[in-house]
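Trainee: Generate coordinates for the sequence data below:
(chains A and B)
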Amino acid sequence: GENVEQHPSTLSVQEGDSAVIKCTYSDSASNYFPWYKQELGKRPQLIIDIRSNVGEKKDQRIAVTLNKTAKHFSLHITETQPEDSAVYFCAASISGGGADGLTFGKGTHLIIQP
Amino acid sequence: KAGVTQTPRYLIKTRGQQVTLSCSPISGHRSVSWYQQTPGQGLQFLFEYFSETQRNKGNFPGRFSGRQFSNSRSEMNVSTLELGDSALYLCASSLVGLAGSETQYFGPGTRLLVL
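Mentor: As a prediction, this is how the structure comes out:
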């Protein structure tokens, strides 16, 4: 089955700086890669996703890049703010998370230092 | 639209008991997936239901089961509870969940503590 590795497990950055979280996946058939943000005690919330037919997607301060050849994808957050502090999960799936489910990375605890 | 809802939000059970958790998807969503979240193992896929049929199952023992009703609401059941079943159980809904990269929306979860 699919295996997703996520690094780093903890990331501390100064407010205003950029943060980058990286994930690798094992199954070349995976075609959908969402990123979820989970604040303490709350549900995971989708922040951005990318399909395998595009290499990059941007939404304001958040961007995701995908390298299908190397089987890795990354989350980039620019101009970080205190409210960006949370645990971020990457995931991969073949069918889009339905029948085959999402395989998640172990998460990255992002800490924004004031 | 109302989001995904789950009941109950918190549960305390003892080893050997069984438990049933409920999930109501977003209106119009027909696919419901269940995940277990623990500090050690992270988020793990349990199973997915669509049109009252289980389409796929993750790597969990048979003590974990589920079902879906004609209104797309879903329940999951855990029998003969073990201490290691203590976790946050999340359900997620999507429109149809098939190829096409359907976005999944998560509920708030049910936090289960097994004593």
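Trainee: can you count the residues close to residue 16?
Mentor: I'll assume chain A. 12 (other C-beta atoms under 10 Å in any protein chain shown). C-beta coordinates here come from the backbone N, C-alpha and C atoms, glycine included.
Trainee: Chain B is the one I meant
Mentor: 10.
Trainee: which ones are touching it?
Mentor: B:80-81 (C-beta atoms under 8 Å, 6 or more residues apart in numbering or on different chains).
Trainee: Next, it: phi, psi?
Mentor: phi 90, psi -20 (degrees, to the nearest 10).
Trainee: wait, isn't A:Pro87 in contact with A:Lys106?
Mentor: Heads up, residue A:87 is Val, not Pro. No. At 9.6 Å, A:Val87 does not count as touching A:Lys106 under the criterion of C-beta atoms under 8 Å.
Trainee: chain center to the worst-scoring helix or strand of chain B on mean pLDDT, what's the gap?
Mentor: Lowest by mean pLDDT, DSSP states H and E among the helices and strands of chain B is strand B:53-57, with a mean of 88. Averaged C-alpha coordinates place strand B:53-57 at 12 Å from its chain's average position (C-alpha atoms, centre = their mean, to the nearest Å).
Trainee: Show me what that strand is packed up against.
Mentor: strand B:42-50, strand B:64-68 (3 or more C-beta pairs under 8 Å, 6 or more residues apart in numbering or on different chains; DSSP states H and E).
Trainee: Residues in contact with the following helix or strand past the last one: which ones?
Mentor: Towards the C-terminus, the helix or strand next in line after strand B:64-68, according to DSSP states H and E, is strand B:74-78. For strand B:74-78, the external contacting residues (C-beta under 8 Å, 6+ apart) are B:18-23, B:25, B:32, B:34, B:46-47, B:49, B:63-69, B:85, B:89, B:91, B:112.
Trainee: Please repeat the previous calculation with a cut-off of 10 Å.
Mentor: Contact with strand B:74-78 is made by B:6, B:13, B:17-25, B:31-34, B:36, B:46-49, B:52, B:54, B:60-61, B:63-69, B:85, B:87, B:89, B:91, B:93, B:110, B:112, B:114, as judged by C-beta atoms under 10 Å, 6 or more residues apart in numbering or on different chains.
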